[in-house]
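Asks: here is my input, please return the structure:
(one chain, ligands or ions: 2)
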Amino acid sequence: MAASPISSESPKLEGLQKHVAFFDLNQDGVIYPWETFKGLRLIGSGVLLSTALSFFINVGFSQSTRPGKFPSLLFPIEVKNIKLAKHRSDTGVYDTEGRFVPSKFEEIFNKHANTHPNALTYGELKEMTKANREPKDLTGWIFSLVEWKVLYKLAKDKNDLVQKETIRGVYDGSLFEILKNEHSAYKKK
Ligand code: HEM
Ligand SMILES: [Ca+2]
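Replies: Numbering: from 1, shown residues only. Ligands and ions are numbered 1, 2, ... in the order given. Okay, here's the model as predicted:
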């Protein structure tokens, strides 16, 4: 039987692997910077932001996902090892094994959704990243800030809120398929 392809729908993938599977465009288990770039373009990110992010993500995460391997200037990210790219100053919704932790997900809204119970405003998102900031962790905090700011830019609703269901879709990877479909429908108009 042929090996089953890696995709965000595969039940065998843990949460964080599902988060990144969308960007492995040819589904060979490795994400190169040009795949990150193309994936970002597909979900509606502009050329400049996609260029900056693909550099930032692949340079930042490549080596930690390739333990024991010689660094590669092609900056590949290995999907199966993505949990090793976890940084500090995050929400803790992915545990150290990259699994989704429902109670931590709920905690985001219990602690920070002060204006709407099921959504976050820009100010609340910023406040959350500040609250999650750990001492002496500039790098992790910057990664978190960028993750949440980009999410806001690409996925806020018409009232400038990031809905709880949108955030759930970040963690299980389904948001990227939705954004891709929305973006291709928008382009056809
Ligand atoms: C538009 C695209 C993307 C957005 C909006 C995004 C956003 C996010 C958000 C909001 C989190 C949760 C952070 C937290 O729980 O505090 C996250 C986690 C993460 N993302 Fe992304 N992401 C994107 C693409 C990618 C790509 C392409 C990769 C790598 C190939 C990646 C790797 C990670 C990793 C490793 C984490 C875990 C961080 C941790 O828990 O320490 N993301 N991302
Ligand atoms: Ca690939």
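Asks: hmm, who's touching the longest helix seen in the chain?
Replies: Longest helix in the chain by number of residues (criterion: DSSP state H): helix 138-155. The set of residues external to helix 138-155 that reach it, using C-beta atoms under 8 Å, 6 or more residues apart in numbering, is 43-45, 49, 53, 56, 60, 87-90, 122, 125-126, 128-129, 132-134, 162, 166-167, 170, 175, 179. To be clear about C-beta, it is placed using only N, CA and C from the backbone, and glycine gets the same treatment.
Asks: and that helix, does that touch ligand 1?
Replies: Yes: Helix 138-155 comes into contact with ligand 1 (C-beta under 6 Å from any ligand atom), by way of 144, 147-148, 150-151, 154.
Asks: convert the C-alpha atoms of that helix to CSV, please.
Replies: Extracted as CSV, the C-alpha positions of helix 138-155 are listed here (Å, rounded to 0.1, in the frame of the first residue of the first chain):
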residue,chain,number,x,y,z
LEU,A,138,13.5,37.9,24.3
THR,A,139,13.6,35.4,21.4
GLY,A,140,10.6,33.4,22.5
TRP,A,141,8.6,36.5,23.2
ILE,A,142,9.4,38.0,19.8
PHE,A,143,8.3,34.7,18.1
SER,A,144,5.0,34.8,20.1
LEU,A,145,4.4,38.4,19.3
VAL,A,146,4.9,37.7,15.6
GLU,A,147,2.7,34.6,15.7
TRP,A,148,-0.2,36.5,17.3
LYS,A,149,0.2,39.7,15.3
VAL,A,150,0.2,37.8,12.0
LEU,A,151,-2.8,35.8,13.1
TYR,A,152,-4.6,39.1,13.8
LYS,A,153,-3.6,40.6,10.4
LEU,A,154,-4.7,37.5,8.4
ALA,A,155,-7.7,36.2,10.4
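Asks: what is the mean pLDDT for it?
Replies: The pLDDT scores in helix 138-155 average 97.
Asks: in its sheet, what does whatever helix or strand comes next after it sit against?
Replies: Once the chain leaves helix 138-155, the next helix or strand it forms, by DSSP states H and E, is strand 162-163. Partners of strand 162-163 in the sheet, by DSSP bridges, are strand 119-120 (antiparallel).
Asks: now stretch 152-164: buried residues?
Replies: For stretch 152-164, burial by neighbour count (16 or more other C-beta atoms under 10 Å) applies to 152, 154-156, 161-164.
Asks: stretch 119-127 now?
Replies: So, applying 16+ other C-beta under 10 Å, buried residues of stretch 119-127: 119-121, 124-126.
Asks: then stretch 176-189?
Replies: Result for stretch 176-189 [16+ other C-beta under 10 Å]: buried residues 176-177, 179-180, 183.
Asks: again, but for stretch 52-72
Replies: Neighbour count says stretch 52-72 has 53-54, 57-58, 60-66 buried, by 16+ other C-beta under 10 Å.
Asks: so is it next to ligand 1?
Replies: Yes: for stretch 52-72, a contact with ligand 1 is found by C-beta under 6 Å from any ligand atom, at 57, 61.
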